[in-house]
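A.B. asks: Next comes the sequence, and after it the predicted model I'd like to discuss.
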Amino acid sequence: MKITFLGHACLLIELQNKILIVDPFISGNPKNNKIEVNGLKADHILITHAHQDHTLDVEAIAKQTGASLISNYEIITHYEAKGIQGHPMNHGGSYDFDFGTLKYVNAIHSSSFEDGTYGGQPGGFILSAEGKSIYIAGDTALTYDMKLFGEEFDLNLAILPVGDNFTMGYTDALKASQFLNCNRVMGYHYDTFGYIEIDHDAATNYFIEHGVTLELLKIGEAITL
Ligand code: NI
Ligand code: MN
C-alpha cells in the first residue's frame, strides 16, 4: 500500500484495487499549494471525526468521485441527509470491506461539525490490507488504550498527531509508539496553524534517541509499505 500525505491530517491510501482518502482538508489548508481537490480519485472517504480540519472537502470529493464514506454513525447520518451514502461504524467494531479490514477505535478528543451539529465520538482507524496493518490515530491525546491496539495488531506504521495543543505532541507520540509496539511513525496534524507548529529537528532527534523512526513528510510525499 502507498500512503501519500496530502497535508494536515489528510491521507491518500492507494491499495491494489481501491483508493481511500482520509480526513480531506485540502482547499482550506494554508500550507497547501500542491494538491487540488479537482482530479482526486477515491472509492471511499474515511472520516475520523467531524471537525472542519478533517471534513472540509468531504462533500466536494464525494460528489466528484462518487466515493462512499466510512465513519462513525453520527457522521454518516449527517452526510446521508445531504444525499451522500456511507458505512456507519462505532468504537471497537471491525468490518471486512472489499479493500481490507477496518477497525474504528476510540480517540480522546471531541467531534462537532462547524455549525455545532453533533458528530458522535471521535475515533481512529486500524487498516489491515495486503498483509500490512497501519494505525491512523485521528486527533487524540495519548491513551493507555493504545497498548491494546499494539497487542491486537502487528503494526507496520503508526500515523500519529504530533502538533501538540489540540492533540498529543511529539513526546507523547513517542510514548504512543511504545504502547503500540511500532517503531515506525508518520507524524501528522502539525505546522498547519500557529498553535501546532513544531521544531522538526527536535522532534525527529527525540525519536532517534529512543530508537523509533519519525517521518515528517512534505505535502505530496509518500510512504510505501
Ligand atoms: Ni479535531
Ligand atoms: Mn484536527
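C.D. replies: Okay, I see it. Ligands and ions are numbered 1, 2, ... in the order given.

A.B. asks: Tell me how far the most far-flung residue of the chain relative to its centre lies from residue 180.
C.D. replies: Residue farthest from the centre of the chain, counting by CA atoms, centre = their mean, is residue 209 at 25.7 Å. Residue 209 is 18 Å from residue 180, where distance means CB to CB, to the nearest Å. Where C-beta positions appear, they are placed from N, C-alpha and C, glycine not excepted.

A.B. asks: ok so, going back, against residue 203, how distant is the residue farthest from the centre of the chain?
C.D. replies: In terms of CB to CB, residue 209 sits 11 Å off from residue 203.

A.B. asks: ditto for residue 222
C.D. replies: 20 Å.

A.B. asks: Looking at those two, which is more packed in?
C.D. replies: residue 203 (21 against 13; other CB atoms under 10 Å).

A.B. asks: Quick check: residues of the protein near ligand 2?
C.D. replies: 51, 53, 139 (CB under 5 Å from the ion).

A.B. asks: Most neighbours among the residues you listed, which one?
C.D. replies: residue 139 (26 neighbours).

A.B. asks: wait, it sits on residue 165?
C.D. replies: No: judged on CB atoms under 8 Å, residue 139 makes no contact with residue 165 at a distance of 10.7 Å.

A.B. asks: secondary structure element for residue 177?
C.D. replies: helix 170-180 (DSSP states H and E).

A.B. asks: That helix packs against which elements?
C.D. replies: helix 145-152, strand 157-161, strand 184-188, helix 200-209, strand 213-215 (3 or more CB pairs under 8 Å, 6 or more residues apart in numbering; DSSP states H and E).

A.B. asks: can you tell which of those is closest to ligand 1?
C.D. replies: strand 157-161 (8.9 Å; CB to the ion).

A.B. asks: tell me the angle of that closest one relative to strand 184-188?
C.D. replies: Angle, strand 157-161 to strand 184-188, by axes from the mean of the first three to the mean of the last three CA atoms, to 10 degrees: 30 degrees.

A.B. asks: Can you tell me what sits against strand 157-161?
C.D. replies: Outside strand 157-161, the residues that touch it by CB atoms under 8 Å, 6 or more residues apart in numbering are 3, 9, 11, 132, 134-140, 167-168, 173, 176-177, 180, 182, 184-190, 223, 225.

A.B. asks: So in that sheet, which strands flank that strand, and in what orientation?
C.D. replies: Partner strands and pairing direction for strand 157-161 (DSSP bridges) are strand 132-136 (parallel), strand 184-188 (parallel).

A.B. asks: Surely residue 105 is within a helix?
C.D. replies: No: Residue 105 is assigned strand when assessed by DSSP: H, G, I helix; E, B strand; the rest coil, not a helix.

A.B. asks: ok, now how distant is the nearest residue to residue 105 once chain neighbours are set aside from ligand 2?
C.D. replies: Computed as CB to CB, 6 or more residues apart in numbering, the closest residue to residue 105 that is not its neighbour in sequence is residue 124, at 5.1 Å. According to CB to the ion, to the nearest Å, residue 124 stands 12 Å off from ligand 2.

A.B. asks: Quick one: distance of the helix or strand containing residue 124 to the chain centre.
C.D. replies: Secondary structure assignment for residue 124, by DSSP H and E: strand 123-129. Relative to its parent chain, strand 123-129 has a centroid offset of 9 Å by CA atoms, centre = their mean, to the nearest Å.

A.B. asks: Provide the strand pairings for it, with the direction of each partner.
C.D. replies: Going by DSSP bridges, the partners of strand 123-129 are strand 100-106 (antiparallel), strand 132-136 (antiparallel).
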